[in-house]
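>>> Curious how this folds, go ahead:
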Amino acid sequence: MTSLASLGLAAEQERLYRHLLRNPRAPLDPALLPTLAELRALGLVDETLNAAAPTVAIDLLVRRRIEQTQRHLSELSLAWDVLTELTEEHRSGRPVQLVEHLPDGSTVTRRIRALLADHPEEFANLKIRARDSTTEYDNTPFIRLLARGLRSRTLFSAHALQDPDQEPHARNQHVLGDLHRVTTEPIRHLAVVNRQVVFVQADPASPTAGALQIRQPGLVAMLADFFDGMWTRARDLDDLPLSPIEQQVLHALTHHDTDEAAARALNISVRKFRAHIADLMARLGAATRFQAALLAKERGWL
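Numbering: from 1, shown residues only. So this is what the prediction gives:
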């Protein structure tokens, strides 16, 4: 006879369950009442002491066993956090702190690169600008990590697009494998490395205050989920919001019969107006102005 022990059912519980299946109206020994209560808690016996149908019982036991296995795997996965800490202690020669203050951005960059060099798995970056033109930054090591298979996502503020250098840089990085999206939500600098280590600003009001490196698993998981939520709500680079001038040009295109009249309404040259129209058509993938208007309406731009 095949046992249900592999599904987590004790021998006494299985014997009573099989007995109730075969003899639904048979009287029960009072000594079996504790075991009966256990079966009821498992959903294998109802209030009228009828045993659940075998298909229902097996489904319940399998689901319960899967949940237990998932919990055990989660507990075992903590061993990798310990391994990461031990590896870092071995590499740096000093104890690993759950929260550590780092003095400046260059220290943060070196620490992130060291972590990813050992395990180039996943990197999530939340920042105000796609490209920081105020500092010299060698991006070559990061590009090498992308080539090794690093999965990277960068989320930056839509306000940064007022700088004409930001979108071309974001698109170039996107092509290289560092996926970029744009958000209109408030932003604080955040970097998540392999869902094990997080870096945040020590004081958002003071750029020179350095950063905090966080290894506490619960806090890391919460901040990683926070990034995932913002990423889901963000826009792809091909779905960026229109700039004010683009909105005005699109409105003029649909409300004036000639380019000259539309340009006069916007107080720009006809040449400039036509250049904006060409950019909008390219962005929409439209072959004609009429098609551009239709596509703009589908996107909710009109």
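
>>> helix or strand right after the helix-or-strand element of the chain with minimal mean pLDDT?
Ranking every helix and strand in the chain by mean pLDDT, DSSP states H and E puts helix 54-92 at the bottom, with a mean of 76. Sequence order places strand 99-102 as the next helix or strand after helix 54-92, per DSSP states H and E.

>>> Okay, buried residues for that next one please.
Neighbour counts over strand 99-102 (16 or more other C-beta atoms under 10 Å) mark E100, L102 as buried. C-beta: built from backbone N, CA, C; applies to glycine.

>>> does the residue nearest the centre of the chain sit in a helix or strand, and which one?
What sits nearest the mean C-alpha location of the chain, by C-alpha atoms, centre = their mean, is D228, with 2.5 Å. Using DSSP H and E, D228 sits within helix 217-233.

>>> next one: the helix or strand where A170 lies to chain centre, how far?
Using DSSP H and E, the element containing A170 is helix 166-176. Helix 166-176 sits 20 Å away from the centroid of its parent chain (C-alpha atoms, centre = their mean, to the nearest Å).

>>> Hmm, A234 is touching R181, no?
Yes: with contact defined as C-beta atoms under 8 Å, A234 reaches R181; the gap is 3.9 Å.

>>> Can you work out which residues contact both of these two?
Contact criterion C-beta atoms under 8 Å, 6 or more residues apart in numbering; residues shared by A234 and R181: L155.

>>> quick revisit: please write out the alpha-carbon positions of the helix holding D228 in CSV.
Coordinates of each C-alpha in helix 217-233 appear next as CSV, following Å, rounded to 0.1, in the frame of the first residue of the first chain:
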residue,chain,number,x,y,z
PRO,A,217,17.8,41.3,4.3
GLY,A,218,14.3,42.6,5.2
LEU,A,219,15.2,46.2,4.3
VAL,A,220,17.0,45.2,1.1
ALA,A,221,14.0,43.1,0.0
MET,A,222,11.6,46.0,0.7
LEU,A,223,13.7,48.5,-1.2
ALA,A,224,14.2,46.1,-4.1
ASP,A,225,10.4,45.7,-4.3
PHE,A,226,10.0,49.5,-4.1
PHE,A,227,12.2,49.8,-7.2
ASP,A,228,10.3,47.1,-9.0
GLY,A,229,7.0,48.9,-8.4
MET,A,230,8.4,52.2,-9.8
TRP,A,231,9.9,50.3,-12.8
THR,A,232,6.5,48.8,-13.6
ARG,A,233,4.8,52.2,-13.5
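
>>> In terms of secondary structure, what does that helix contact?
Applying 3 or more C-beta pairs under 8 Å, 6 or more residues apart in numbering; DSSP states H and E, one finds that helix 217-233 contacts strand 122-127, strand 151-157, strand 178-183, strand 190-193, strand 197-201.

>>> Can you lay out the ones you listed as CSV showing mean neighbour count and mean pLDDT?
Shown next, in CSV, are those (neighbours: other C-beta atoms under 10 Å; pLDDT from 0 to 100):
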stretch, mean neighbour count, mean pLDDT
strand 122-127, 20, 96
strand 151-157, 19, 95
strand 178-183, 21, 93
strand 190-193, 23, 96
strand 197-201, 21, 94
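
>>> can those go into a markdown table with extra columns for distance to P30?
Formatted as a markdown table, those follow (distance: least, C-beta to C-beta, whole Å):
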| stretch | distance to P30 |
| --- | --- |
| strand 122-127 | 58 |
| strand 151-157 | 60 |
| strand 178-183 | 65 |
| strand 190-193 | 58 |
| strand 197-201 | 57 |
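
>>> Many thanks, I have nothing further to ask.
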